[in-house]
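Q: Just to be clear, the model below is a prediction. Sequence and coordinates:
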Amino acid sequence: MGRLAPWSTGVSVIEGRRSTRLEGTAPTQKGVIVTSTKKLAKSKEFRQERRALSLSIVMGMALAIVGISIGIIGGSQIVLFDGFYTFLGIGLTWMAMRVSHLVEEGPTIRYPYGREALVPLIIGIEGVALLATCAYATFNAILSIIGGGTESPNGWSFSYAVTALAIPTFIWWRLRRVAQKSELVRAEATQWLAGAGLGLAILLAFIAAELMTGTSWALGAHYVDPSLVIAACCVFVIPPAGMVRTTFVELIEGIPDPELQETAKLALDHVAFQFALTDRHMRMTKIGRKFYVEIDFVVDPTWTVAQSDQVRQVLFRLLKTIPHDLWLTLEFTADRALVD
């Protein structure tokens, strides 16, 4: 479909729009102030996002070093697995920070639509890497069971289990507020919450293994560690599998979450009723922080640009509460065939 450029003042059967500035008018002082305020708010969100990711990297590095060291010294596969799982997450978190910087730069000459697609892409890479880690750990655990199991947990292993429960719980609690506005931090918080669950499972399993020692179940204590690795991997595949699914849906421009769909549909219904626009068609998708909405209206030949601007104003007002960067495109045509 043909569209006028944002600066065009000519008349066209179809008019496209992708900004809050009205067509054919100069930006007012108030508009400049509002735009500046939005930029400052968005910049603050990016800074909070990177601070949260930095905290995750520092605490993750400390926990990974402790876990790998104790896993090797104490001969515990589950502790070693948890340490490597955390260490892998550090590299992925660093990549997320780089993506945050690139996305904050916004549209450029080379990337006129911005680089929002990097957000679901990095989340998908993170999910695939974590799934691969779980698969490898499960394979090693099965080999250990076939080989007769591992040694019973010692004092070092117990200490790590307590640490692996306390630190992830604390980090998840610290990240949860920022995670409401950032998908990158939300993915990070999900990992820490899963880590806390694993820490609790490790602690309970080690206690059970200790109680089994010296009883008729003593032989079973040697299989607690590798069995726990397999159980943990089965639970751990759920969050990364969801991350990969979300990435796939966003990158192929699938429909967004039902909540976003409902908000956009309610806004469209309101505008359609107010302006008697009975013939309309809407498409929407979400990629990273951007929420794309494109609406085609079939109007009378007497429809004016002023009426189009009124529709835009109402829609922007109704959709401004959406916690995403709105990319709204409206098209008006008197020819029904151009919409199909």
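A: Done, it's in.
Q: Which other helices and strands does the helix or strand hosting A166 contact?
A: A166 belongs to helix 155-179 when assigned by DSSP states H and E. Packed against helix 155-179, as judged by 3 or more CB pairs under 8 Å, 6 or more residues apart in numbering; DSSP states H and E, are the following elements: helix 29-74, helix 77-104, helix 183-212. Where C-beta positions appear, they are placed from N, C-alpha and C, glycine not excepted.
Q: three-state assignment of the residue of the chain positioned farthest from its centre?
A: Centroid-distance maximum for the chain: S216 at 48.4 Å, with CA atoms, centre = their mean. Following DSSP: H, G, I helix; E, B strand; the rest coil, S216 is assigned to coil.
Q: can you pull the contacts of the residue nearest in space to the middle of the chain?
A: The structure's the chain has its C-alpha centroid closest to E183; by CA atoms, centre = their mean the separation is 2.9 Å. By CB atoms under 8 Å, 6 or more residues apart in numbering, the residues touching E183 are V119, P120, I123, G288, R289.
Q: can you do 7 Å?
A: V119, I123, G288 (CB atoms under 7 Å, 6 or more residues apart in numbering).
Q: just F46 next, same as before
A: S100, E104.
Q: Quick check: L118 vs P112, distance?
A: Counting by CB to CB, to the nearest Å, the gap from L118 to P112 is 15 Å.
Q: for A205, that is, sorry about that
A: Counting by CB to CB, the gap from A205 to P112 is 53 Å.
Q: now do L219
A: 66 Å.
Q: Which of the two has more residues huddled nearby?
A: L219 (11 against 7; other CB atoms under 10 Å).
Q: Nearest spatial neighbour of C233, chain-adjacent residues omitted?
A: C134 (4.0 Å; CB to CB, 6 or more residues apart in numbering).
Q: And that neighbour, its phi and psi?
A: For C134, the backbone dihedrals (degrees, to the nearest 10) come out as phi -60, psi -40.
Q: Show me what stretch 195-205 is in contact with.
A: 78, 82, 86, 161-162, 164-165, 168-169, 172, 224, 228, 232, 235.
Q: go again using 10 Å as the cut-off
A: 60, 63, 76, 78-79, 81-82, 85-86, 89, 153, 157-158, 160-173, 224-225, 227-229, 231-233, 235-236, 239 (CB atoms under 10 Å, 6 or more residues apart in numbering).
Q: Now stretch 235-250: buried residues?
A: Within stretch 235-250, the residues scored as buried using 16 or more other CB atoms under 10 Å are F236, V237, P239, P240, M243, V244, T246, T247, V249, E250.
Q: Which per-residue confidence value corresponds to the third one?
A: Think P239. pLDDT for P239: 80.
Q: Secondary structure element holding it?
A: helix 238-251.
Q: May I have the next helix or strand after that helix exported as PDB, CA atoms only?
A: Toward the C-terminal end, the helix or strand that comes next after helix 238-251 (DSSP H and E) is helix 258-275. Presented in PDB, the C-alpha positions along helix 258-275 are these (Å, rounded to 0.1, in the frame of the first residue of the first chain):
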ATOM      1  CA  PRO A 258      -3.800 -11.900  24.900                       C
ATOM      2  CA  GLU A 259      -3.600  -8.900  27.300                       C
ATOM      3  CA  LEU A 260      -2.000  -6.700  24.700                       C
ATOM      4  CA  GLN A 261      -4.500  -7.900  22.100                       C
ATOM      5  CA  GLU A 262      -7.400  -7.100  24.300                       C
ATOM      6  CA  THR A 263      -6.100  -3.600  25.100                       C
ATOM      7  CA  ALA A 264      -5.600  -2.800  21.400                       C
ATOM      8  CA  LYS A 265      -9.000  -4.200  20.400                       C
ATOM      9  CA  LEU A 266     -10.900  -2.200  23.000                       C
ATOM     10  CA  ALA A 267      -9.200   1.000  21.800                       C
ATOM     11  CA  LEU A 268     -10.100   0.200  18.200                       C
ATOM     12  CA  ASP A 269     -13.700  -0.600  19.100                       C
ATOM     13  CA  HIS A 270     -13.900   2.700  21.000                       C
ATOM     14  CA  VAL A 271     -12.600   4.700  18.000                       C
ATOM     15  CA  ALA A 272     -14.700   2.800  15.500                       C
ATOM     16  CA  PHE A 273     -17.900   3.600  17.500                       C
ATOM     17  CA  GLN A 274     -16.900   7.300  18.100                       C
ATOM     18  CA  PHE A 275     -16.200   8.000  14.400                       C
END
